[in-house]
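Sequence first, predicted coordinates after that:
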Amino acid sequence: MSAVERGLARLRVSPEVAARHPGYAALVLYVHDLRNGPSDAQGAAALRRAAEQARARLGEGPASADPHIAAWREAYASFGAKPSRYPCSAEALLKRVLRGDEPPQVNRAVDAYNAISIAFALPAGGEDLARLDGAGVLQVADGSEPYVAFHDGAETIEHPEPGEIVWADGQGVTCRRWSWRQCRRTQLAEDSTEAYFLLERLPPLPLERLLEAGDALAAALHAFSPGCEVAPERIGPGWGNRTDPPPARERS
């Protein structure tokens, strides 16, 4: 039985964000029986391949030359986040590889979605579903929501700017500035067994490209975690009137 079917929290988009960004679409992969672990050679190879693809496509950059990254910069600017200071997660990774640095390695699951993010030039993330408090909502912050940050090893409580678009649950902000920075509370750990992975899209990226990225991520998860169950779900207004069903739940 999938994480969603067993009643664990799921993700949704608030009406206010949907109205502001009607082209936004996301693919969520809810994963049950994940067998995560420390970074390995397989993940390192996937990250290297993704970096090579990005360099071949964009040369020395900038990352914003990619039309999808340019669209995210416009979205960030619309809620007051300066894109050069607060890039979306995909742009941050692309900037790193385009200047010749290697992508970071964290653990198998994080390495898998980072490789997809670089290869497809789209924001991708993952969190421990069991640590989510209620539904995860993409919403416009009022500025009162707590966000747990760490500075010099010490935990501090910050708050988003009013009007900032954030992911939040019942305990506060789980990711600031849309996909800019996750909180530690819900991060995927090496012992995480319940997870969700989020792939996000704005026009002009084709919806088919988003689905292709989801298929690639599911394959990567099955490669290092045989037997895990993947349940895809589409969220966001950008799917429009498409009536074709999401892919069937998969078990390797």
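On my side now, so go ahead. Remember, predicted model here, so these are calculated numbers, not experimental data. Numbers count the residues shown, from 1 in each chain.

ok, G163 - contacts?
Contact analysis of G163 by C-beta atoms under 8 Å, 6 or more residues apart in numbering lists F79, G80, V140, A141. Placement of C-beta: from N, CA and C, glycine included.

Which ChimeraX command selects the buried ones in those residues?
To isolate the buried ones among the contacts of G163 in ChimeraX, judged by 16 or more other C-beta atoms under 10 Å, type:
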select :79,140,141
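
which of the contacts of G163 lies closest to L205?
F79 (19.7 Å; C-beta to C-beta).

For the chain, give me the ranges with low pLDDT.
For the chain, the stretches flagged by pLDDT under 70 are 1-9, 241-252.

quick one: the strands in it?
With strands called from DSSP state E, the chain shows them at 11-13, 25-32, 124-128, 136-140, 147-151, 154-158, 165-169, 172-176, 181-182, 195-201, 229-235, 250-251.

Strand 172-176 and the fifth one, what's the angle between them?
With axes from the mean of the first three to the mean of the last three C-alpha atoms, to 10 degrees defining the directions, strand 147-151 sits at 60 degrees from strand 172-176.

got it, and the second one?
Angular relation of strand 25-32 and strand 172-176 on a 0 to 180 degree scale: 120 degrees, by the same axes, to 10 degrees.

Give me the distance between strand 25-32 and the centre of its chain.
Put simply, strand 25-32 sits 9 Å off its chain's centre (C-alpha atoms, centre = their mean, to the nearest Å).

packing partners for it?
Contact analysis of strand 25-32 by 3 or more C-beta pairs under 8 Å, 6 or more residues apart in numbering; DSSP states H and E lists strand 11-13, strand 195-201, helix 207-224, strand 229-235 as its packing neighbours.

neighbouring strands for that strand, and are they parallel or not?
strand 195-201 (antiparallel), strand 229-235 (antiparallel) (DSSP bridges).

now swap in the first one and tell me
For strand 11-13, the paired strands and their directions (DSSP bridges) read strand 136-140 (parallel).

what's the angle from the partner strand to strand 124-128?
Going by the same axes, to 10 degrees, strand 136-140 makes 130 degrees with strand 124-128.

can you list the helices and strands packed on strand 25-32 in CSV and add distance to D133 and mean neighbour count?
Compiled in CSV, these are given as follows (distance: least, C-beta to C-beta, whole Å; neighbours: other C-beta atoms under 10 Å):
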stretch, distance to D133, mean neighbour count
strand 11-13, 13, 19
strand 195-201, 14, 26
helix 207-224, 24, 18
strand 229-235, 19, 21
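
Could I get those in a markdown table, plus columns for distance to W178?
Output for the helices and strands packed on strand 25-32, formatted as a markdown table (distance: least, C-beta to C-beta, whole Å):
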| stretch | distance to W178 |
| --- | --- |
| strand 11-13 | 11 |
| strand 195-201 | 8 |
| helix 207-224 | 16 |
| strand 229-235 | 14 |
